[in-house]
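> Model the structure of this input:
(one chain, ligands or ions: 1)
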Amino acid sequence: MSDPLRLGIAGLGTVGAGVVKIVRQKAALLEDRSGRGIAISAVSARNRDKDRGVPLDSYGWEDDPVMLATRDDVDVFVELVGGSDGPAKAAVEAALKAGKDVVTANKALLAHHGQALAELAEANGCVLRFEAAVAGGIPVIKALTEGLAANEVTRVMGVMNGTCNYILTRMESGGLSYDEAFAEADGLGYLEADPELDVGGIDAGHKLSLLSAIAYGTQVAFDGVELEGIGRVSIDDIRQAADMGYKIKLLGVCRMSGRGLEQSMSPCLVPATSPLGQLDGGTNMVVIEGDQVGQIVLRGAGAGEGPTASAVMGDVLDIARGTRVTTFGAPASKLVKAVAARATTPAPYYLRMALADKPGALAKVASALGEAGVSIHRMRQYDHVNEAAPVLIVTHKTTRAALDTALAAMPGTGVVIGDPVALRIEQV
Ligand SMILES: NC(=O)c1ccc[n+]([C@@H]2O[C@H](COP(=O)([O-])OP(=O)(O)OC[C@H]3O[C@@H](n4cnc5c(N)ncnc54)[C@H](OP(=O)(O)O)[C@@H]3O)[C@@H](O)[C@H]2O)c1
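Take a look at the predicted model:
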């Protein structure tokens with residue numbers, strides 16, 4: 001039997017404490033499965049006296065994660081502090097430079113510095129694994145990097161922020177306004193300290209950028225993700241989408257088109273009967289389409305102590321077994337710089353706008369759409385509310401560029417009140 005694999009764990013919050021618990025409670029199972037004992041040499045957090053619900057006295061302690069990362073008795077540095085810069089980045093870099101393998105759950109760090117860290121890992125003969133960073137307990141990084149490695153990936157889609165899905169689901173099931181559902185999620189402790197990370201789509205955008213890098217052999221390009229949060233989705237949109245057989249999801253989509261890498265994280269309509277449409281509450285789903293495999297649907301808990309620690313330990317066990325894969329599924333030097341393309345693939349769109357109570361208002365809107373080359377598939381007008389009539393339009397397939405031209409022309413019609421809402425209808 002080989003020597004135990006020795007971990008240094010930085011961060012003892014939700015995920016870190018969960019990892020310590022698994023190492024303590026499942027020692028025999030981990031050893032049986034990896035052929036090697038898994039030990040914890042030392043840990044690090046800000047507050048040494050805090051009760052973490054798990055005994056820590058038998059482990060060394062470092063106040064500074066960088067010191068932990070470079071200890072002689074640490075083989076694998078497990079980074080569970082969080083944040084794109086600061087101590088997490090400093091400690092991961094220190095670990096890799098010291099020749100230690102790294103496991104992290106930190107999507108923000110990899111979305112911003114993934115390429116540089118992958119290069120650093122390879123230059124030092126180390127592995128850098130991050131299963132827990134995307135969709136919590138769902139082993140999607142492993143699926144894309146290993147199981148589906150022989151495929152050309154045609155599209156990856158995902159609902160990867162449980163908080164947004166919870167808010168949208170509660171708006172639908174409870175008839176709540178966005179503000180009410182947001183307040184409920186906040187009360188349950190679901191929101192990040194900066195809620196914009198969740199509802200602005202940033203957290204989910206970080207995850208999407210990591211999946212695209214693996215799927216298309218490109219350098220992580222978070223800057224290329226078109227981000228739109230869920231803040232403008234109203235209860236009317238949810239109801240009207242349901243009326244037409246759709247659900248609204250904060251959906252990440254990436255694909256490689258002739259123009260470049262399209263990455264978008266935005267509220268979209270999906271058929272209510274599709275797996276994505278049926279995804280309720282805080283659950284995550286990732287759909288991968290490959291030229292050989294067809295469509296794969298992965299569904300599971302996207303956050304929480306157990307699921308996230310499960311993903312971290314999957315990476316640790318791979319290292320214990322001697323499995324060594326490149327960070328993004330190809331050598332870092334082979335990853336190409338992605339040309340960011342706006343979503344050019346034509347799709348139908350859902351439009352909601354309020355029209356002034358004036359003769360010929362609908363005709364003016366139809367003509368502005370037509371002049372931009374956008375044709376109408378379905379249109380519904382609802383009763384006037386205070387001088388304004390809500391109108392719903394579903395277009396035939398069109399490009400976002402054509403739609404934007406039409407939207408830019410709306411104020412000039414003199415009949416559209418406020419900004420129209422435009423949501424893509426994703427074919428799934
Ligand atoms: N929670 C989830 O469900 C989930 C899911 C997927 C991925 N992740 C990712 O996992 C990582 C950890 O998340 P979490 O939810 O476990 O966070 P958390 O509960 O806030 O825990 C963060 C830990 O980091 C420690 N820490 C913060 N600054 C530090 C510093 N300067 N030096 C040393 N330790 C420091 C904190 O110490 P104190 O406890 O002493 O304050 C705390 O133990 C993040 O990257 C997150 O995005 C989390």
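> in the protein, what residue sits furthest out from the centroid?
Distance from the centre of the chain peaks at residue 359, with 45.4 Å (CA atoms, centre = their mean).
> Now do the same for that one: helix, strand or coil?
coil (DSSP: H, G, I helix; E, B strand; the rest coil).
> By proximity to the ligand, which residue of the chain wins?
Nearest residue of the chain to the ligand (CB to the nearest ligand atom) works out as residue 13 at 1.9 Å. To be clear about C-beta, it is placed using only N, CA and C from the backbone, and glycine gets the same treatment.
> check contacts around that residue.
Contact analysis of residue 13 by CB atoms under 8 Å, 6 or more residues apart in numbering lists 45, 80, 82.
> What separation do you get for the last one and residue 173?
Distance of residue 82 to residue 173, given as CB to CB, to the nearest Å: 31 Å.
> Same drill for these two, tell me which one is more crowded.
residue 82 (19 against 12; other CB atoms under 10 Å).
> Can you give me every residue that contacts that one?
When contacts are taken as CB under 8 Å, 6+ apart, residue 82 is in contact with 11, 13, 88, 105-106, 108.
> try 7 Å
Contacts for residue 82 (CB atoms under 7 Å, 6 or more residues apart in numbering) come out as 11, 88, 106.
> and it, which of the three is it?
With three-state DSSP as the basis, residue 82 sits in coil.
> can you pull the contacts of residue 220?
Residues in contact with residue 220, defined by CB under 7 Å, 6+ apart, are 110-111, 114-115, 209-210, 213.
> Which ones among the residues you listed lie within helices?
110-111, 114-115, 209-210, 213 (DSSP state H).
> ok, back up a step: so which of the contacts of residue 82 would count as near the ligand as well?
11, 106 (CB under 6 Å from any ligand atom).
> Can you add secondary structure, pLDDT and neighbour count and give the contacts of residue 82 back as TSV?
Formatted as TSV, those follow (DSSP: H, G, I helix; E, B strand; the rest coil; pLDDT from 0 to 100; neighbours: other CB atoms under 10 Å):
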residue	secondary structure	pLDDT	neighbour count
11	coil	98	26
88	helix	98	22
106	coil	98	24
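> Show me how the chain divides into domains.
The chain breaks down into these domains under automatic domain parsing: 5-133, 148-301+336-341, 349-425.
> with the ones in helices among the contacts of residue 220 in mind, which one is nearest to residue 385?
Ranked by distance to residue 385 (CB to CB), the ones in helices among the contacts of residue 220 are led by residue 209 at 40.5 Å.
> May I ask you to confirm that the closest one is in contact with residue 221?
Yes. With contact defined as CB atoms under 7 Å, residue 209 reaches residue 221; the gap is 6.1 Å.
> Those two: which is more packed in?
For the pair residue 209 and residue 221, the greater number of neighbours falls to residue 209 (29 against 21), based on other CB under 10 Å.
> residues contacting the nearest residue to the more buried one once chain neighbours are set aside?
Closest residue to residue 209 apart from its sequence neighbours, by CB to CB, 6 or more residues apart in numbering: residue 222 at 4.1 Å. Residues near residue 222 by CB under 7 Å, 6+ apart: 111-112, 205-206, 209.
> For residue 140, which of the domains of the chain is the nearest?
Across the domains of the chain, the minimum distance to residue 140, taken as CB to CB, is reached by domain 148-301+336-341, at 4.7 Å.
> Identify each buried residue in stretch 245-265, please.
246-256, 260-265 (16 or more other CB atoms under 10 Å).
> Go ahead and report the secondary structure state at residue 43.
When classified by three-state DSSP, residue 43 comes out as strand.
> pretty sure it contacts residue 7?
No. Under the criterion of CB under 7 Å, residue 43 is not in contact with residue 7, lying 8.8 Å apart.
> Pull up the distance across stretch 49-62, start to finish.
For stretch 49-62, the first-to-last residue distance is 13 Å (CA to CA, to the nearest Å).
> what about residue 379, which helix or strand?
If you go by DSSP states H and E, residue 379 is part of strand 376-381.
> Output the contacting helices and strands for the helix or strand following that strand.
Next along the chain after strand 376-381, taking DSSP H and E as the criterion, comes strand 388-395. If contacts are counted by 3 or more CB pairs under 7 Å, 6 or more residues apart in numbering; DSSP states H and E, strand 388-395 sits against strand 349-356, strand 376-381.
> quick check: angle from strand 388-395 to strand 376-381?
160 degrees (axes from the mean of the first three to the mean of the last three CA atoms, to 10 degrees).
> List the contacts of strand 388-395.
Contacts to strand 388-395, defined as CB under 7 Å, 6+ apart, come from residues 236, 240, 244, 348-357, 362, 374-382, 417.
> what's the answer for stretch 298-315, then?
With contact meaning CB under 7 Å, 6+ apart, stretch 298-315 is reached by 14-15, 17-19, 22, 78, 103, 105, 129, 131-132, 135-140, 142-143, 160, 162, 279, 282-286.
> Extract the residue ranges of this protein that are flagged as low pLDDT.
Within the chain, the stretches with pLDDT under 70 are 1.
> Which secondary structure state does the most centrally placed residue in it sit in?
Computing the C-alpha centroid of the chain and ranking residues by CA atoms, centre = their mean puts residue 204 first, at 2.8 Å. Here residue 204 is recorded as helix under three-state DSSP.
> if I pick it, what's in contact with it?
Residues in contact with residue 204 (CB under 7 Å, 6+ apart) are 160-161, 250, 252, 265.
> now residue 170
176, 181, 184.
> what does the helix or strand harbouring the last one contact?
Think residue 184. If you go by DSSP H and E, residue 184 is part of helix 178-187. Taking contacts as CB under 7 Å, 6+ apart, the residues outside helix 178-187 that touch it are 163, 166-167, 170-171, 176, 191, 199, 231, 233-234.
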